[in-house]
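Peer 1: just coords:
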């Protein structure tokens, strides 16, 4: 079954404690990205990767890091989480180019709370 | 700078009637437009898309209309069903910027039985 898997689904942490949210896809997609969803703001892109070892900033990259060492995995790293990073996070993957509106596949989300 | 906007945070319709969700954009370079549906505790799922060279695309009960001159698109659901109750996101992409999607804020659709 084609899927994007994120872990954990829920996480409560304290300010400043480093954390990693994992994302894995089994569709051999080149393109992966991270979004955060906040009320009234929709989905905003944090980082994206167009292939292994190729990453770039999205619209709201501050406070986040990513890596793409393997095609299937794209972890999101918060080196020093702060309360304003409390949000719902989604990982997504798609084939490299959105041809004819090819859709992106999303994970189920990670609800992060930073206290 | 919100390039894709959905000005209605919520919409409520009666079962069997038409639901019309609207989306406006500012970037004339967008090539494709997509609609995603999101249920609580799940990730968004693709619903329907349209290329900028078309003005209409239909898939069953779902039709997307694109008005390039007005930089406006809409999603029509006919007839609406209670299972359509979800948050709907409009998204846009530029082929020249890879597979990057720019999303609107979302509209919560509620279909009442």
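Peer 2: Everything's here; your move. These figures come from a predicted structure and were not determined experimentally.
Peer 1: following element in sequence after the longest strand anywhere in chain A, please.
Peer 2: Using DSSP state E to define each element, chain A has its longest strand at strand A:42-51. Beyond strand A:42-51 on the C-terminal side, the first helix or strand identified by DSSP states H and E is strand A:54-57.
Peer 1: just for the chain, where's the confidence low?
Peer 2: By default, I'm working from chain A. Low-confidence segments of chain A (pLDDT under 70): A:96-102.
Peer 1: the intended chain is chain B.
Peer 2: Within chain B, the segments meeting pLDDT under 70 span B:1, B:97-99.
Peer 1: could you check how many residues crowd around the closest residue to chain A within chain B?
Peer 2: Closest residue of chain B to chain A, Cβ to the nearest Cβ: residue B:49 (2.6 Å). The C-beta positions use only the backbone N, C-alpha and C, and glycine is treated the same way. Burial of residue B:49 is recorded as 21 neighbouring residues (other Cβ atoms under 10 Å in any protein chain shown).
Peer 1: correct me if wrong: it contacts residue B:58.
Peer 2: No - shown here, residue B:49 and residue B:58 do not form a contact pair, counting by Cβ atoms under 8 Å, at 11.8 Å.
Peer 1: just the endpoints, please. Distance across stretch B:78-90?
Peer 2: As for stretch B:78-90, its first-to-last residue distance stands at 18 Å under the measure Cα to Cα, to the nearest Å.
Peer 1: roughly how far out does it sit from the chain middle?
Peer 2: The gap between the average C-alpha position of stretch B:78-90 and the chain average comes to 10 Å, counting by Cα atoms, centre = their mean, to the nearest Å.
Peer 1: contacting residues around that stretch?
Peer 2: Applying Cβ atoms under 8 Å, 6 or more residues apart in numbering or on different chains, the set of residues contacting stretch B:78-90 from outside is A:42-43, B:4, B:6, B:13-19, B:21, B:23, B:33-39, B:44, B:47, B:61, B:63, B:73, B:75, B:77, B:103-104, B:106-113.
Peer 1: hmm, which of those are the buried ones?
Peer 2: Under a neighbour-count criterion of 16 or more other Cβ atoms under 10 Å in any protein chain shown, the subset of the contacts of stretch B:78-90 counted as buried comprises A:42-43, B:4, B:6, B:13, B:19, B:21, B:23, B:33-38, B:44, B:47, B:63, B:73, B:75, B:77, B:103-104, B:106-107, B:109, B:111.
Peer 1: tell me where chain A has strands.
Peer 2: Ranges of strands in chain A, per DSSP E, are A:4-7, A:10-13, A:19-25, A:31-38, A:42-51, A:54-57, A:65-66, A:76-78, A:87-94, A:105-106, A:110-114.
Peer 1: quick one: which of the ones you listed is nearest residue B:54?
Peer 2: Residue B:54 sits nearest to strand A:87-94 of all these, at 20.5 Å, using Cβ to Cβ.
Peer 1: what helix or strand is residue B:46 located in?
Peer 2: Residue B:46 belongs to strand B:45-51, assigned by DSSP H and E.
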